[in-house]
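S.K.: Provided below are the primary sequence and the corresponding predicted coordinates.
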Amino acid sequence: MHTLDRMLFFAYIRSYLIVLTSLVSLYVVIDLFTNIDDFAGRGNMRSMVRHIVNYYGPQIALIFDRMCEAIALLAAVFTMSWAVRNNELLPQLSAGISAHRVIRPILIGSVLALSLGPISQELLIPRIADELQVPKDDPNLERPIELKGAFDSTGVHLEGIAGYRKDQRIKAFFVTFPESATSTMSHLQVEEAIYFPKTDEMEAGWMLLNATPEIAIDALPEQLQIVGPRRYFLRTRDTDFDAMTRGSKWYVFASTRKLQEILSRPDPRRMAPVAVMFHMRFTRPIIGMLMVVLGLSMLLRNHNRHVLVSAGVCLVMSASVYALVLACRYLGDADILAAPLAAWLPVILFGAYSLAQFDAIQT
């Protein structure tokens, strides 16, 4: 990498850090003052500040994940705009260096910057998924949460009334066992159920307390084990506490490998949104890079445009791309478009246009 290349590359890194800090800080400040009532009433000022730090600390990873492509685009546009305004581009073009060669360090920096998005999505966000779902007004997870019914791969259906994430406990738990060779279809009503993850000494499952009616030993389903009077241990394969309490967008925090594992399960629930999300994990970096290429192409086609005007044009362009991505995602979630088509259609539509604009850059 030559001296001018290093200069442009480090200028991009500097712009990227400035844009990242500015946008994340702006997001946090606006969200904090919009929801300040949820943080108030937590004791003294120190307790409130601790609550704010504990909440927004993990949220920064999610905020970055949402704005990763826009940050890379703005950093590239600002870097190139200032280079043009400082007359750093014209001497290189006069020396016979093509504009495509000049912006190569910015493209390399954009690839590195955009790679941080998938790294965060695969390695960081799944690890802090529980912290990301903590409500602003319930930091101690003491408030009951709404539950969703779930089918386990063993055929057992589970549902409940209220769940407590702090100790993975569910009140008013209901279990429906399928008909088998040793037992008929049966229902079990449980006053309280506690989930225990798999360990070296025991299988994963639910401890059922104060269950009715009591089941005779000869009619006991194969998934159920008697622990004591009206106490049973229910073995499950897939249905843990998270499966019972996760919301409609639970899969957003899962890694790509986890999404593939979920799609391979014989789950009777509609999996179209999960399939769309799985395919979009592969197209997202490509769309981000196409946005950078298109933004630089639009900027270099008019060297005399003001930097703020160029940034505004690129923001409008990125908003158009995001609108198309969201529209395709909605159609894929609704099963109107196939999941692969919903994910790849924005790449198909904007890919050719971006490359054509890149080829038309003034050299």
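M.R.: Now that the structure is in, tell me what you want to look at. These numbers come from a predicted model, not from an experiment.
S.K.: going forward, measure contacts and count neighbours with C-alpha atoms only.
M.R.: Noted.
S.K.: Which residue ranges of the stretch 201-350 of the chain form strands?
M.R.: Secondary structure of the stretch 201-350 of the chain (DSSP state E, counting those that start in this stretch): strands located at 205-212, 224-228, 231-235.
S.K.: could those be laid out in JSON lines, adding distance to Leu259, mean neighbour count and mean pLDDT?
M.R.: What follows is the strands of the stretch 201-350 of the chain, written out as JSON lines (distance: least, C-alpha to C-alpha, whole Å; neighbours: other C-alpha atoms under 10 Å; pLDDT from 0 to 100):
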{"stretch": "strand 205-212", "distance to Leu259": "22", "mean neighbour count": "21", "mean pLDDT": "86"}
{"stretch": "strand 224-228", "distance to Leu259": "29", "mean neighbour count": "14", "mean pLDDT": "81"}
{"stretch": "strand 231-235", "distance to Leu259": "23", "mean neighbour count": "21", "mean pLDDT": "86"}
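S.K.: now these in JSON lines, with distance to Leu294?
M.R.: Formatted as JSON lines, the strands of the stretch 201-350 of the chain follow (distance: least, C-alpha to C-alpha, whole Å):
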{"stretch": "strand 205-212", "distance to Leu294": "52"}
{"stretch": "strand 224-228", "distance to Leu294": "59"}
{"stretch": "strand 231-235", "distance to Leu294": "54"}
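S.K.: Which one, of those strands, ends up nearest to Trp250?
M.R.: strand 205-212 (20.9 Å; C-alpha to C-alpha).
S.K.: Tell me which strands that closest one pairs with, and in which orientation.
M.R.: Strand 205-212 pairs in its sheet with strand 186-196 (antiparallel), strand 231-235 (antiparallel), by DSSP bridges.
S.K.: nearest to Val24, of the strands of the stretch 201-350 of the chain?
M.R.: It's strand 205-212; of the strands of the stretch 201-350 of the chain, that one is closest to Val24 (C-alpha to C-alpha) at 40.5 Å.
S.K.: For that closest one, output the C-alpha coordinates as CSV.
M.R.: Listed in CSV are the C-alpha atoms of strand 205-212, where the atom choice follows Å, rounded to 0.1, in the frame of the first residue of the first chain:
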residue,chain,number,x,y,z
GLY,A,205,-36.5,-30.8,31.5
TRP,A,206,-39.2,-29.3,33.8
MET,A,207,-39.8,-30.0,37.5
LEU,A,208,-43.6,-30.1,37.9
LEU,A,209,-44.9,-29.2,41.3
ASN,A,210,-48.5,-29.8,42.6
ALA,A,211,-49.6,-31.6,39.4
THR,A,212,-53.2,-32.8,38.9
